[in-house]
Every structure is written in structure tokens, then in C-alpha cells.
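# sequence? don't have it. structure:
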């Protein structure tokens, strides 16, 4: 099935960009980032940034923006049979337009990859096209919040995701 990602959740003050690969079937059906009930993304946002995972989706998105965190996907479109990143047909990958995104969001200081696939797509397909636009931007892979990533213990994942609060504090002065 050929699928398309969502627009970014961001405003011009964003200092940290979290990149997934491509929304899964539940997220696509619900038109919400990380809508699968077993995905840990919103759980981690609650633990790390104090954004209640029980809040309505629009409120959670607004709170991300207030924390100066942007949310997007590495891919604009692709073909994938299931929700698994391993099922993405690499021959169909079309990355999002990061050159334009970074021009509109010049305060981005860190790009955090939610798992290996988003990092791989970005480093192989996007970074080589950006030239100096990545100067001064820290790139960091975090463990995937997907329920398919069961091999890494929850406590280990959460500890690595806590780095997000450090970037937000450093870049915005906000305390968590």
C-alpha cells in the first residue's frame, strides 16, 4: 500500500525535531502521530516533558510546540505492506523536504531519530542534500518507541529519551 506522512507539528521557535519514519496503520487511520495504544511515544513525552498522554491529541501537540519540540517523519511517501519499518519498500522512499523545513525553523539545534529507520533514511537520503544546513545541529538516534521494539527494556528506552529534556532545557531555558 502506498502511504503518505502527516505535516509537521512545529512552529518557528522549535529547537528540537523528533523524526519518525512513517506513521503506522493505526496512526494513519486516526490521523495522529503515535496513535497505536502500545507505542510509547506519548508515555515518554509525559515522563520527560510533562505532557499528559491522556490529554486530547490537539492539546498534546500544542504542548509539544510550547516545549519547542517539532514532530515529523523522515519520509513523505513510501510503499509498505504493514506498519513495520522493515516492510517499507526502499525503492519507493520519498523523503520529506528538510531543506525547506530547516529554512523555516532556523532554531533547530537537535534532530532526534525515533529509531533506526528514520535515522537511516535521513543520513542516507537527506543529509547529503543539505550541505551546511546541518552545521551546528546535533543528530541523535533514540530507541524506537514502537511496540515492535521489544528487545530494549522500557527503563533503558526511557533513560535515553530523557536526553530530550536536556536539549529542551539547554535550547529554551525551560525546566523539566
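Looks like it came in fine. Fair warning: this is a prediction, and the values are worked out from it, not measured in the lab. Numbering: from 1, shown residues only.
# how about the helices in this protein?
25-30, 41-49, 57-66, 98-104, 116-121, 127-130, 154-161, 163-172 (DSSP state H).
# which parts of the third one are buried?
Looking back up the chat, that one is helix 57-66. 60, 61, 63, 64, 65 (16 or more other Cβ atoms under 10 Å). In short, each C-beta sits where N, CA and C put it, glycine included.
# just to revisit the earlier point, between the helices of the chain, which one is nearest to residue 148?
helix 116-121 (10.7 Å; Cβ to Cβ).
# before we move on, the earlier item: distance to residue 82 for the helices of the chain - can I get that in CSV?
Below are the helices of the chain laid out as CSV (distance: least, Cβ to Cβ, whole Å):
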stretch, distance to residue 82
helix 25-30, 7
helix 41-49, 19
helix 57-66, 23
helix 98-104, 26
helix 116-121, 13
helix 127-130, 27
helix 154-161, 22
helix 163-172, 28
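# mind putting these in TSV, distance to residue 74 and mean pLDDT included?
Listed next are these as TSV, based on distance: least, Cβ to Cβ, whole Å; pLDDT from 0 to 100:
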stretch	distance to residue 74	mean pLDDT
helix 25-30	15	94
helix 41-49	15	97
helix 57-66	18	97
helix 98-104	9	97
helix 116-121	4	94
helix 127-130	11	96
helix 154-161	18	94
helix 163-172	17	75
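# do you know which of those helices lies nearest residue 142?
Using Cβ to Cβ, the nearest of those to residue 142 is helix 154-161, at 5.4 Å.
# now find how far off-centre the closest one is within its chain.
16 Å (Cα atoms, centre = their mean, to the nearest Å).
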